[in-house]
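Q: Could you work out the structure for the sequence below:
(chains A and B)
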2 protein chains.
Amino acid sequence: MSTTISQEQLSPALLLAQVVDATAAAAKENRAIARIGYEAVTTLVTGTTTEVTIRTGGHQFTIDEPPILAGTNLGASPVEHLLASLGSCQVITYQVWAAKLGIELESVEVAVTGDLDVHGFFGLDPEVRPGFQSIGVKVRLNGPETNERYAALTKAVDEHCPVLDVLTVGVPVRSVFSYNES
Amino acid sequence: MSTTISQEQLSPALLLAQVVDATAAAAKENRAIARIGYEAVTTLVTGTTTEVTIRTGGHQFTIDEPPILAGTNLGASPVEHLLASLGSCQVITYQVWAAKLGIELESVEVAVTGDLDVHGFFGLDPEVRPGFQSIGVKVRLNGPETNERYAALTKAVDEHCPVLDVLTVGVPVRSVFSYNES
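A: I've put the predicted structure just below:
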């Protein structure tokens, strides 16, 4: 007897759980597809305006600085994209791990703040780092489960969130440069 | 005698240099305006689709996952935004520091790659970190200066690029959680 269930019969949460399980199973089965190489290419337009092309998925967007940092505000700034990257990674990791653990979630909101002192960027004070001094994350979950279940979900999320891992631990960055080469 | 120069008389590079100098001078003068608090709020739409609002500058965009990671590809993914953040930060730091050092630049392109093994994200292997194993940066500069001048610029950029600093060194992240609170 066939047990095929059409997607229309599933709630969005159950459907996501199915897709997540299938994706994790495929990644487990085939080590090669589990390794993903991402690429983003940024070119200068003019001033502080840049155009980013994501080679992996084809998306394009503009990143700029606000006028107080010599920019024209045609897009969010690099450090704002960094905070957005963390916030969205947390939200998606909540969705995926809730689906994996069978925990129901009605809403997820993650506010990420970062404190930066531009004395570092402008080289005005060697004691001040150029990057964020610290980052704050505020997570708000709503749904029908107990606080204990949501606390277990939070623990799983913070152990598996890719961007949180990169930002807290750091990552090896290797740079190469070419000057006037075609 | 007035020495006012109208903006129309300046090349874009000289104009940027003026604005950068004025911005750095203002930040030096007034410690309070040098400290910038950024904020990005991410909410769940459905599935892996998220909507980001940058409180600082008002920009909004969609971040999603591709179908191979259970998403609907309505925007670039969180880790792609992380790479875009680094690439655009490098490009803008090149522009600003070239202006500060009086080094002429005709074009800047920065390609950023990141290797990720989703066995970490899905919790399939505790030895595999959830985040990027490594990040590669390829910088291509063109312009009329010597390679030595561009190498000096590269050194200044990598010492002052905010996102490069955060990714290589890491940053303290403090999280707070609320479950079913209004």
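
Q: any residue of the one helix or strand residue A:141 maps to up close to chain B?
A: If you go by DSSP states H and E, residue A:141 is part of strand A:134-142. Yes: judged by Cβ under 8 Å from any Cβ of the partner chain, strand A:134-142 and chain B are in contact via A:134-142. Quick note: C-beta positions are derived from backbone N, CA and C, even for glycine.

Q: Which strands border that strand, and is each parallel or antiparallel?
A: The strands beside strand A:134-142 in its sheet (DSSP bridges) come out as strand A:107-117 (antiparallel), strand B:173-179 (parallel).

Q: Output those strands in TSV, with mean pLDDT and distance to residue B:106 appended to each entry.
A: Compiled in TSV, those are given as follows (pLDDT from 0 to 100; distance: least, Cβ to Cβ, whole Å):
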stretch	mean pLDDT	distance to residue B:106
strand A:107-117	97	29
strand B:173-179	97	39
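
Q: Mind checking those for the one nearest to residue A:76?
A: Smallest distance to residue A:76 across the strands paired with strand A:134-142 (Cβ to Cβ): 12.7 Å, for strand A:107-117.

Q: Could you give the average pLDDT over whatever helix or strand comes next after that closest one?
A: Once strand A:107-117 ends, the next helix or strand along the chain (criterion: DSSP H and E) is helix A:118-121. Across helix A:118-121, pLDDT averages out at 96.

Q: Can you give the distance from helix A:118-121 to the centre of its chain?
A: 25 Å (Cα atoms, centre = their mean, to the nearest Å).

Q: Tell me the buried residues in the longest helix along chain A?
A: The single longest helix within chain A, with elements called by DSSP state H, is helix A:78-101. For helix A:78-101, the neighbour count (16 or more other Cβ atoms under 10 Å in any protein chain shown) marks A:78-100 as buried.

Q: and after the helix or strand containing residue A:41, which helix or strand comes next?
A: Assessed by DSSP H and E, residue A:41 sits inside strand A:35-46. Counting by DSSP H and E, the next helix or strand C-terminal to strand A:35-46 is strand A:49-54.

Q: That following strand packs against which elements?
A: strand A:35-46, strand A:60-63, helix B:78-101 (3 or more Cβ pairs under 8 Å, 6 or more residues apart in numbering or on different chains; DSSP states H and E).

Q: The second one pairs with which strands?
A: In this case it means strand A:60-63. With DSSP bridges as the test, strand A:60-63 pairs up with strand A:49-54 (antiparallel).

Q: How far away from the center of its chain is stretch A:66-78?
A: For stretch A:66-78 - counting by Cα atoms, centre = their mean - the centre lies 21 Å from the chain centre.

Q: Equivalent analysis for stretch A:33-42, please.
A: 14 Å.

Q: Return the set of buried residues in it.
A: Neighbour-count burial for stretch A:33-42 [16+ other Cβ under 10 Å]: A:34, A:36, A:38-42.

Q: pLDDT weak spots in chain A?
A: Scanning chain A for pLDDT under 70 picks out A:1-10.

Q: Can you give the domain ranges for it?
A: A:38-76, A:77-169 (automatic domain parsing).

Q: got a list of contacts for the host helix or strand of residue A:32?
A: In the assignment (DSSP H and E), residue A:32 maps to helix A:31-34. Helix A:31-34 has contacts (Cβ atoms under 8 Å, 6 or more residues apart in numbering or on different chains) with A:26-28, B:68, B:117-119, B:124.

Q: Just the buried ones from these, in PyMOL syntax?
A: Selection command for PyMOL covering only the buried members of these, criterion 16+ other Cβ under 10 Å:
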select buried, (chain A and resi 27) or (chain B and resi 117+118+119)
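
Q: residue contacts, the closest residue to residue A:17 other than its chain neighbours?
A: Spatial nearest neighbour of residue A:17, chain neighbours left out: residue A:99 (3.9 Å); criterion: Cβ to Cβ, 6 or more residues apart in numbering or on different chains. By Cβ under 8 Å, 6+ apart, the contact list for residue A:99 reads A:13, A:16-17, A:20-21.

Q: rerun that using 6 Å as the cut-off
A: Neighbour list for residue A:99: A:16-17, A:20 [criterion: Cβ atoms under 6 Å, 6 or more residues apart in numbering or on different chains].

Q: cool, residue A:108 as well?
A: A:91, A:94, A:141, B:44.

Q: hmm, 7 Å instead?
A: A:91, A:94-95, A:141, B:44 (Cβ atoms under 7 Å, 6 or more residues apart in numbering or on different chains).

Q: Report the beta-bridge partners for the residue nearest to it when sequence neighbours are not counted.
A: Leaving out its chain neighbours, the residue that sits closest to residue A:108 by Cβ to Cβ, 6+ apart is residue B:44, at 4.4 Å. Beta bridges link residue B:44 to residue B:50, judged by DSSP bridges.

Q: No further questions, thank you.
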